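Asker: Model the following, please.
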Amino acid sequence: KNKKKKNKKKNNYMEELFENEQGDTSPEIGVGSQNEPNRQQSTLEEPVYKTIWRDVKNIGKKVMLVLLPRKSNLGELRNWDLWGPFLLCLCLAIPLALTAKSTQAPLVFTGIFVIVWIGSMIVTINGQLLGGNLSFFQSLCVIGYCIFPLLIASYIFLLIGTWYVRVPIVLLAATWSSYSAVVFLADAIASNKKLLGVYPIALFYLFLSWFILGEKTVYQIA
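Answerer: Numbers count the residues shown, from 1 in each chain. Just a heads-up that it's a prediction; the model follows:
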């Protein structure tokens with residue numbers, strides 16, 4: 001009899017455990033369930049066009065932040081991405097390759113990528129060595145997005161060929177790009193080292209603007 005009672009208790013205990021496990025797997029409303037209204041859909045499950053459209057909107061938003069730079073907007077750029085800088089670099093290389101000589105077009109196209117990415121990395125590493133509190137990719141993202149004013153100037157140059165109009169435009173674009181980058185990056189560098197961090201940023205955009213002016217414009221000025 002004692003053995004039978006023990007077996008019954010074990011069986012009842014196992015049945016209770018089984019029922020509890022089944023009850024735990026049922027969805028609870030308001031705690032990570034599918035009925036929660038504010039739950040975000042996984043990017044792996046959403047359609048491709050929605051993912052692309054969301055990325056395009058994020059890139060456009062960050063471009064607007066560069067055009068109207070404010071220190072309070074640094075938090076948006078801390079959410080870094082490299083798709084935006086890559087697309088801006090691609091769009092910058094296209095008009096420069098179109099206006100170059102046919103034999104030099106491939107060299108100009110690849111040269112823009114080399115200048116933008118290696119230059120951005122050098123400026124970023126310089127900021128890191130000066131004690132910057134932004135991560136490597138956050139800084140790279142900011143510098144890449146800030147070439148947008150120079151991108152606008154490169155497309156204007158497709159319509160304007162006179163050097164005395166090109167030079168003020170490209171200087172304005174370089175100043176705008178430098179100012180935007182400095183607004184976002186200066187506070188990330190120690191106050192006693194800001195000049196050492198700002199100088200390479202301005203030098204980078206000035207060198208890129210000289211490249212955008214093109215060989216013909218340089219000869220016209222000379």
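Asker: From the centroid of this structure, which residue is nearest?
Answerer: The centre of the chain sits closest to residue 81, judged by Cα atoms, centre = their mean, with a distance of 3.4 Å.
Asker: The closest residue to that one other than its chain neighbours - how many residues pack around it?
Answerer: Nearest residue to residue 81, sequence neighbours excluded (Cβ to Cβ, 6 or more residues apart in numbering): residue 141, at 6.3 Å. Just so you know, the C-beta spots here come from the backbone N, C-alpha and C atoms, and that holds for glycine as well. When neighbours are defined as other Cβ atoms under 10 Å, residue 141 has 25 of them.
Asker: same check, this time on residue 195
Answerer: 9.
Asker: In the longest helix anywhere in the chain, which residues are buried?
Answerer: The single longest helix within the chain, with elements called by DSSP state H, is helix 194-221. Buried residues in helix 194-221, defined by neighbour count with 16 or more other Cβ atoms under 10 Å: 194, 197-198, 200-202, 204-206, 208-209, 211-214, 217.
Asker: What of stretch 117-134?
Answerer: 117, 119, 120, 123, 124, 126, 127, 128, 130, 132, 134.
Asker: export it as CSV, just CAs?
Answerer: C-alpha atoms of stretch 117-134 as CSV (Å, rounded to 0.1, in the frame of the first residue of the first chain):
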residue,chain,number,x,y,z
TRP,A,117,38.0,56.6,-47.2
ILE,A,118,41.7,56.7,-46.4
GLY,A,119,41.5,60.5,-45.5
SER,A,120,38.5,59.8,-43.3
MET,A,121,40.3,57.0,-41.5
ILE,A,122,43.4,59.2,-40.9
VAL,A,123,41.3,62.0,-39.5
THR,A,124,39.3,59.5,-37.4
ILE,A,125,42.5,57.9,-36.0
ASN,A,126,43.9,61.3,-35.2
GLY,A,127,40.8,62.1,-33.2
GLN,A,128,41.1,58.8,-31.4
LEU,A,129,44.7,59.4,-30.5
LEU,A,130,43.8,62.8,-29.1
GLY,A,131,41.4,61.1,-26.7
GLY,A,132,38.1,61.5,-28.6
ASN,A,133,35.1,59.9,-27.0
LEU,A,134,33.4,58.8,-30.2
